[in-house]
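Undergrad: Structural data only, the sequence is not supplied:
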Ligand SMILES: Nc1ncnc2c1ncn2[C@@H]1O[C@H](COP(=O)(O)OP(=O)(O)OP(=O)(O)O)[C@@H](O)[C@H]1O
């Protein structure tokens, strides 16, 4: 089953276009990686899906999810979809939290907006969600500044998955983390994807972050998708010279994890 279908999506600002007629589909339970250099349009694409573009940017084309074209939804209906069907985690996990609200209050905000649960049920649900991402229940009463970067990103994953969305959009979620925390977050996403069956749109400039997890990869360059295929195909038999360059640059610096052979 297709959970997201992007058709001929273009995104333009006042001066120029930044995304040009891109199309891709994401299937249920799939890990779909959108990779490309900085500035290639990945984040704009992710933002357009949830109607989160900056006010000076405009998207045209179609983005289908749950039988509706998200680009034509009124803001109220989009808010309902965001969280329930489509949820986000960001590189700037700190920006996802209000500093003077506890982690528990962030859970409450999502729960009160979308669910009809008693206070005890909400607390119970939040506790289970915290445990599912490897955090202790006591984090519920802490403020964001009292968690490490890795812990905060895991808390944001717990909140993003609270309503069991069909699609989790993860926009460079490990870029601001040290390598051990990154590894833990990636492993956690893979586990939660298996547990919940959600699809993941994973955005990164670094192919090392996708080689173990991605089912399919789309390569973006200058606002165009230049190559889409099964992950192993893209990694081991790239069709475009730019993709080869991207693979080379991802795997040649501090190359502790060489490209695995096909079938690994
Ligand atoms: N508010 C804005 N107004 C106009 N242009 C913008 C705005 N925000 C970003 N852009 C431009 O849109 C293009 C695509 O940016 P985008 O953030 O989608 O790239 P990206 O591939 O996600 O890069 P990165 O990995 O650095 O986030 C860039 O050329 C950027 O300069």
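TA: Done, it's in. Predicted model, so just to flag it, every value in this text is computed and none were measured. Residues are numbered from 1 along each chain as shown.
Undergrad: Could you pull out the helices in the stretch 151-264 of the chain for me?
TA: Secondary structure of the stretch 151-264 of the chain, counting by DSSP state H, counting those that start in this stretch: helices at 179-196, 231-236, 241-252.
Undergrad: Out of these, which gets nearest to the ligand?
TA: With CB to the nearest ligand atom as the measure, helix 241-252 is the member of those nearest the ligand (12.1 Å). Backbone N, C-alpha and C define where each C-beta goes, glycine included.
Undergrad: Mind listing what's buried along that closest one?
TA: Across helix 241-252, burial judged by 16 or more other CB atoms under 10 Å covers 242-243, 246-247, 250-251.
Undergrad: got the contact list for that helix?
TA: Here helix 241-252 makes contact (CB atoms under 8 Å, 6 or more residues apart in numbering) with 35-37, 206-208, 219, 221, 226-227, 234-235, 238, 257-259.
Undergrad: before we move on, the earlier item: let's have the buried residues of helix 241-252 in CSV, adding pLDDT and distance to the ligand.
TA: Putting these into CSV (pLDDT from 0 to 100; distance: CB to the nearest ligand atom, whole Å) gives the following:
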residue, pLDDT, distance to the ligand
242, 94, 14
243, 94, 15
246, 90, 12
247, 89, 17
250, 83, 13
251, 79, 18
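Undergrad: Pick the one among those closest to residue 64.
TA: Ranked by distance to residue 64 (CB to CB), those are led by residue 243 at 27.0 Å.
Undergrad: Figure out which of the helices of the stretch 151-264 of the chain is closest to residue 90.
TA: Between the helices of the stretch 151-264 of the chain, helix 179-196 lies closest to residue 90; by CB to CB that is 12.2 Å.
Undergrad: And the closest one, how far out from the chain middle?
TA: Between the centre of helix 179-196 and the centre of its chain there are 12 Å (CA atoms, centre = their mean, to the nearest Å).
Undergrad: what does stretch 194-210 give?
TA: For stretch 194-210, the distance to the chain centre is 7 Å (CA atoms, centre = their mean).
Undergrad: what does the stretch 151-264 of the chain have sitting close to the ligand?
TA: For the stretch 151-264 of the chain, the contact set with the ligand under CB under 6 Å from any ligand atom comprises residue 205.
Undergrad: Would you mind listing where the stretch 101-250 of the chain has pLDDT under the threshold?
TA: Counting by pLDDT under 70, the stretch 101-250 of the chain contains no low-confidence segment.
Undergrad: Mind telling me which residue of it is nearest the ligand?
TA: At 5.1 Å from the ligand, residue 205 is the closest residue in the stretch 101-250 of the chain, using CB to the nearest ligand atom.
Undergrad: How about the contacts made by that residue?
TA: By CB under 8 Å, 6+ apart, the contact list for residue 205 reads 35-38, 42, 172, 175.
Undergrad: ok, now with 6 Å
TA: Listed by CB atoms under 6 Å, 6 or more residues apart in numbering, the contact set of residue 205 reads 37-38.
Undergrad: Then the one 3 residues further on?
TA: Residue 208 sits next to residue 250 when contact means CB under 6 Å, 6+ apart.
Undergrad: count of neighbours near whichever residue of the stretch 51-200 of the chain sits closest to the ligand?
TA: Here the stretch 51-200 of the chain gets closest to the ligand at one residue, residue 54, 3.8 Å apart by CB to the nearest ligand atom. A count of nearby residues for residue 54, using other CB atoms under 10 Å, gives 9.
Undergrad: a strand runs through it, doesn't it?
TA: No - under DSSP: H, G, I helix; E, B strand; the rest coil, residue 54 sits outside any strand and is assigned coil.
Undergrad: And it, what's its pLDDT?
TA: We note a pLDDT of 94 for residue 54 in this prediction.
Undergrad: quick thing: my sequence starts at 59, can you match it?
TA: OK, 59 is where the count begins now, so the last one is residue 112.
Undergrad: Angles on the backbone of it, please.
TA: Recorded main-chain torsions at residue 112 are phi -60, psi 150, according to degrees, to the nearest 10.
Undergrad: Distance of it relative to residue 70?
TA: Distance from residue 112 to residue 70, counting by CB to CB, to the nearest Å: 12 Å.
Undergrad: Appreciated, that's everything.
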